[in-house]
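Enquirer: sequence and predicted structure are below.
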Amino acid sequence: MLEASLQLTPTVNPPAPPDTFCSAPGCKANVPIELISEGLCVMHLTFHMEQACARLRSEIVKGTTSPERAAEIAGYIVGLSVELARIARGVRLPDDRKKRVLNTFLTLMIVRETLDRVMLGRASRRRLLSPELEGSL
């Protein structure tokens with residue numbers, strides 16, 4: 001009797017609306033199910049990610065990034081990478097779109113490498129200067 005009352009209903013993702021188009025001005029591309037929350041097609045999503053990476057990279061290169069901001073940027077890059085990996089795995093893409101996704105991954109890697117290099121350089125400069133400061137006191 002108890003087993004009969006424990007009927008489990010499988011969870012099914014709701015189907016995507018048939019005509020969900022990209023919200024970018026002038027774009028008529030369909031939005032994959034994985035991107036409905038963003039409202040962008042794969043091309044525009046990668047374009048926006050690369051623009052964000054360009055802004056972050058210029059901020060990093062200026063050298064005014066605090067350690068807290070660097071940690072925030074690193075977390076943001078990881079988040080973008082995870083999102084892009086989820087999309088690349090879940091969406092069937094033509095070769096030109098796959099190339100665009102791979103280029104975006106490369107851009108994310110370059111930004112992360114730039115961040116690490118700048119922060120490491122800053123830490124090594126601090127280590128070089130601290131003995132001099134201690135000797136002068």
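Expert: Perfect, I can see it now.

Enquirer: element containing the spatially most central residue of the chain, please.
Expert: Against the mean C-alpha coordinate of the chain, by C-alpha atoms, centre = their mean, the closest residue is Leu80 at 1.1 Å. Leu80 is located in helix 67-90, with elements delineated by DSSP states H and E.

Enquirer: can you check Arg117 too?
Expert: Remark: Arg117 resides in helix 95-136, with elements defined by DSSP H and E.

Enquirer: show me what that helix is packed against.
Expert: When contacts are defined as 3 or more C-beta pairs under 8 Å, 6 or more residues apart in numbering; DSSP states H and E, helix 95-136 packs onto helix 42-62, helix 67-90. Where C-beta positions appear, they are placed from N, C-alpha and C, glycine not excepted.

Enquirer: so which bits of the last one are buried?
Expert: When burial is assessed from 16 or more other C-beta atoms under 10 Å, helix 67-90 yields the following buried residues: 70, 73, 77, 80-81, 84, 87-88.

Enquirer: possible to save the residues you listed as CSV with pLDDT?
Expert: As requested, the buried residues of helix 67-90 are exported to CSV (pLDDT from 0 to 100):
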residue, pLDDT
Ala70, 92
Ile73, 94
Ile77, 95
Leu80, 93
Ser81, 94
Leu84, 92
Ile87, 86
Ala88, 86
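
Enquirer: mind putting the residues you listed in TSV, distance to Gly63 included?
Expert: Output for these, formatted as TSV (distance: C-beta to C-beta, whole Å):
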residue	distance to Gly63
Ala70	11
Ile73	14
Ile77	18
Leu80	23
Ser81	24
Leu84	28
Ile87	33
Ala88	33
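
Enquirer: quick one: which of the residues you listed is nearest to Leu120?
Expert: Ala70 (10.6 Å; C-beta to C-beta).

Enquirer: quick one: the closest one from Phe47, how far?
Expert: Counting by C-beta to C-beta, to the nearest Å, the gap between Ala70 and Phe47 amounts to 25 Å.

Enquirer: Leu108 now?
Expert: For Leu108, the distance to Phe47 under the criterion C-beta to C-beta works out to 14 Å.

Enquirer: and those two? which has more neighbours close in?
Expert: Counting neighbours by other C-beta atoms under 10 Å for Leu108 and for Phe47 shows that Leu108 has the greater number, 21 against 15.
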